[in-house]
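Visitor: Provide a 3D model corresponding to the input given below.
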Amino acid sequence: MSAEQMTLVEDCEARQAQLSDWELGFVDSIRRQLEAGRSLTPKQAATLDEIWERATARG
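Guide: Below is the predicted model:
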């Protein structure tokens, strides 16, 4: 599991009010994938980064 990616997931979860329903579902799916010991695809990692950037930019 990537500790950095899990940190991004946790940051996003802490800002749930900033996320769309789709983003919440995506972040939840990524958490389950990381907890199961699976790696993210480059596209999933990029999407997680984009969601994190938006969520943290909004406060």
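
Visitor: in terms of helices and strands, where is the closest residue to residue 49 other than its chain neighbours?
Guide: Using Cβ to Cβ, 6 or more residues apart in numbering and skipping the chain neighbours, the partner closest in space to residue 49 is residue 8 (7.1 Å). Where C-beta positions appear, they are placed from N, C-alpha and C, glycine not excepted. Secondary-structure assignment from DSSP states H and E places residue 8 in helix 3-14.

Visitor: tell me the pLDDT of the closest residue to residue 15 other than its chain neighbours.
Guide: In this structure, residue 15 finds its nearest non-sequential neighbour in residue 55, 4.4 Å apart by Cβ to Cβ, 6+ apart. Looking at residue 55, its pLDDT stands at 92.

Visitor: contact partners for residue 55?
Guide: By Cβ atoms under 8 Å, 6 or more residues apart in numbering, the residues touching residue 55 are 11, 12, 15, 18, 19, 23.

Visitor: using the three-state scheme, assign it.
Guide: helix (DSSP: H, G, I helix; E, B strand; the rest coil).

Visitor: tell me the spacing between it and residue 37.
Guide: Distance, residue 55 to residue 37, using Cβ to Cβ, to the nearest Å: 25 Å.
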